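Peer 1: Next one to model:
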Amino acid sequence: MTENFAYVDKTRFIEMLEKEANRSQFFIRPRKFGKSLFLSMLSHYYDMLRAKRFQELFGSLYIGKIPTPRKNSYAVLEFDFSGVKTTNPDIFIKSFDLIVQKTVCDFFEKYQAVFPRAMEKIAEISRNNEGVISLRTAIAAVNNLNNLNIENDDNGTKKSKVEIFVIIDEYDHFANDLIAMDVDDVYKKMIQANGVVRDFYETLKIGAKMAIGRIFITGISPVMLDDLTSGFNIADNLTTDLEYNEMMGFTQEEVDALMSETGVEPAKIDIDMPLYYNGYLFNGDAENRLYNSNMVLYFFNRILKNKKTTAENIIDTNLKTDYGRLQQLVRNEKNRETLIEIIKEGCVVSDIIKEFPMEMMYSDEYFISLLFYMGLLTIKEKHWGKYRLQVPNYSISTVFWEYLDRLSRESSPDMTIDTKKLDDAIRNMAMKGDVHTFIEYISQNAFSKLSNNDLKRFDEKYIKILLLAYLFQSKMYVTMSEFETSDGYTDIFLQRSPHLPEVKYEWVLELKYLKVEDEKYLPKAKKEAEEQLQRYIQAYRLTGRPNLKTAIVVFIGKSKYEIF
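Peer 2: Numbers count the residues shown, from 1 in each chain. Here you go, the predicted structure:
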């Protein structure tokens with residue numbers, strides 16, 4: 001606000017949150033959705049020490065024109081648990097305690113003009129090694145100050161009551177690490193039993209009756225909230241409430257406004273931005289789908305920095321972290337099977353569970369809900385009292401394809417990728433219009449080497465996702481599965497990369513699969529595919545595209561194929 005940055009105004013949600021009956025609030029969103037910036041906004045708005053800067057920071061925004069009654073009325077205590085170390089129980093406890101201690105010390109140093117003995121409190125905290133004791137010290141200091149203010153009121157000196165606004169960022173970061181590392185025992189000791197984390201939240205719960213006026217907690221999953229149970233059961237979970245669908249992330253209108261403000265020219269962007277970055281919906285009745293804000297900012301920043309209309313790297317490499325988390329979550333066979341079905345079908349029908357303990361995250365609906373909260377799935381539509389969930393966008397699809405590619409090679413050690421041969425095969429498609437080299441490569445190096453376990457699920461959809469995983473290795477094409485036309489969905493559409501306009505040929509591939517004993521049905525499968533292709537290429541989204549080629553590929557068993 002003070003250095004001429006573009007700023008998407010989300011301050012109307014301050015007013016909404018303040019009107020909530022419950023002043024302890026819990027809200028989660030996937031990674032890179034602007035949670036930390038939102039917390040910074042709350043901190044600056046409610047901080048009693050920033051009252052003189054209110055107009056400078058908020059005057060041009062929604063909330064600056066109609067401020068709420070509680071603006072600049074709290075001592076803000078901000079925790080960030082992203083740095084907690086999870087190597088073993090002792091290191092975990094020491095790291096957690098250290099973060100709490102430092103945060104409370106910073107709190108007293110910041111508000112030393114409010115607390116008469118602030119520096120003594122810092123020295124007192126530094127002498128002990130328990131983070132929870134530090135938190136109790138802060139709560140007690142506020143209580144004592146307010147009691148003193150009451151006495152002063154009796155003497156005719158008016159003093160307002162001081163309350164703490166507790167803000168917690170990355171509340172579940174260490175829990176996610178513990179779960180991912182399969183150290184369930186540490187998790188149970190620290191969170192589910194009477195461990196340091198549970199003690200911390202029980203202290204907050206007690207403090208909310210006295211010195212703590214507001215609490216706002218955010219992270220990426222609801223797992224830990226449920227496991228705290230009675231340790232912290234006072235917060236309202238607003239995550240999937242309709243009115244807060246747009247609180248984090250960007251609407252199309254906000255993206256358009258950002259382009260206008262920053263000088264990114266929409267007419268010169270030669271990629272389909274909604275395809276790459278949009279698609280998130282957190283309530284089935286919400287009207288506007290959301291862009292992942294960090295993905296959009298990454299894209300715009302690359303354009304503005306490089307002075308080009310298209311960023312060279314369209315997909316943020318930070319998504320590799322999402323792949324890592326996904327791989328760690330599918331340690332058991334049941335979750336792997338569920339994930340493969342999601343990739344094959346493109347969507348899944350499920351409830352969205354608002355809170356669940358760690359023990360339940362490996363059963364279907366709980367695991368699927370976790371994928372939803374992580375941003376790897378999102379709501380497509382309501383479906384008979386449940387939700388049809390889908391992968392939100394192309395960027396997230398690449399996370400699934402990379403996972404599937406690695407899983408296939410892990411389960412079938414003979415399946416390898418000769419990068420040069422694969423590149424040459426895809427280049428033949430791109431420049432010579434020859435699909436045979438690519439299909440032959442896939443047949444010899446992938447399909448023929450599938451494990452018996454993989455063969456159990458071998459069908460058209462499984463073939464398609466394996467092809468997608470291999471095609472994804474190349475930068476020549478934007479590889480799209482189930483590309484929508486007015487007459488249905490193509491199996492695979494290979495659109496030339498915006499970075500490589502010299503790519504001559506685009507492709508629509510229609511895939512069929514026959515068991516060896518059903519090879520006699522090959523003419524029927526070919527005819528059906530031809531009819532589908534004719535409808536697709538005449539649709540408005542494909543008609544008129546230069547050098548668009550089509551191919552029908554019928555796989556017979558795992559070692560034979562025909563191309564038409």
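
Peer 1: Could you pull up the contacting residues of residue 281?
Peer 2: 245, 289-290, 378-380 (C-beta atoms under 8 Å, 6 or more residues apart in numbering). In short, each C-beta sits where N, CA and C put it, glycine included.

Peer 1: Who wins on neighbours among those residues?
Peer 2: Neighbour counts for the contacts of residue 281, by other C-beta atoms under 10 Å, peak at residue 290, which reaches 26 neighbours.

Peer 1: what sits against that one?
Peer 2: 245-246, 249-251, 278-282.

Peer 1: May I have the predicted confidence score for it?
Peer 2: Note for residue 290: predicted pLDDT of 97.

Peer 1: what is it paired to in the beta sheet?
Peer 2: Going by DSSP bridges, residue 290 is paired in beta bridges with residue 280.

Peer 1: gap between it and residue 527?
Peer 2: 43 Å (C-beta to C-beta, to the nearest Å).

Peer 1: and which of the contacts of residue 290 is nearest to residue 206?
Peer 2: Closest approach to residue 206 among those (C-beta to C-beta): residue 282, at 31.6 Å.

Peer 1: What's the local residue count around that closest one?
Peer 2: Close neighbours of residue 282, defined as other C-beta under 10 Å, add up to 26.

Peer 1: ditto for residue 133
Peer 2: If you count neighbours by other C-beta under 10 Å, residue 133 ends up with 18.

Peer 1: tell me the secondary structure for it?
Peer 2: Judged by DSSP: H, G, I helix; E, B strand; the rest coil, the three-state class of residue 133 is helix.

Peer 1: for it, what are its contacts?
Peer 2: Contacts of residue 133 (C-beta under 8 Å, 6+ apart): residue 125.

Peer 1: returning to what we had before: most neighbours among the contacts of residue 290, please name it.
Peer 2: residue 249 (29 neighbours).

Peer 1: show me where pLDDT drops low in this structure?
Peer 2: 151-159, 178-194, 228-231, 308-313, 317-325, 359, 361-362, 411-416, 452-456, 486 (pLDDT under 70).

Peer 1: That one - how does it break down into domains?
Peer 2: According to automatic domain parsing, the chain is divided into the following domains: 12-239, 252-316, 412-564.

Peer 1: can you tell which of those domains is closest to residue 355?
Peer 2: Closest among those, once you apply C-beta to C-beta, is domain 12-239, at 4.0 Å.

Peer 1: What is the end-to-end distance of that closest one?
Peer 2: One end of domain 12-239 sits 17 Å from the other (C-alpha to C-alpha, to the nearest Å).

Peer 1: swap in stretch 383-395?
Peer 2: 25 Å.

Peer 1: buried stuff in it?
Peer 2: By neighbour count on 16 or more other C-beta atoms under 10 Å, the buried set for stretch 383-395 is 387-395.

Peer 1: Tell me the one of the residues you listed nearest residue 208?
Peer 2: For the buried residues of stretch 383-395, the closest approach to residue 208 (C-beta to C-beta) belongs to residue 387, at 32.9 Å.

Peer 1: can I assume the closest one sits in a strand?
Peer 2: Yes - counting by three-state DSSP, residue 387 is part of a strand.

Peer 1: Contacts only, for the closest residue in space to it that isn't next to it in sequence.
Peer 2: In this structure, residue 387 finds its nearest non-sequential neighbour in residue 379, 5.2 Å apart by C-beta to C-beta, 6 or more residues apart in numbering. Contacts here follow C-beta under 8 Å, 6+ apart; on that basis residue 379 touches 281-284, 352, 372, 387-389.

Peer 1: Contacts only, for residue 104.
Peer 2: Applying C-beta under 8 Å, 6+ apart, the residues contacting residue 104 are 77, 125, 131, 134-135, 137-138.
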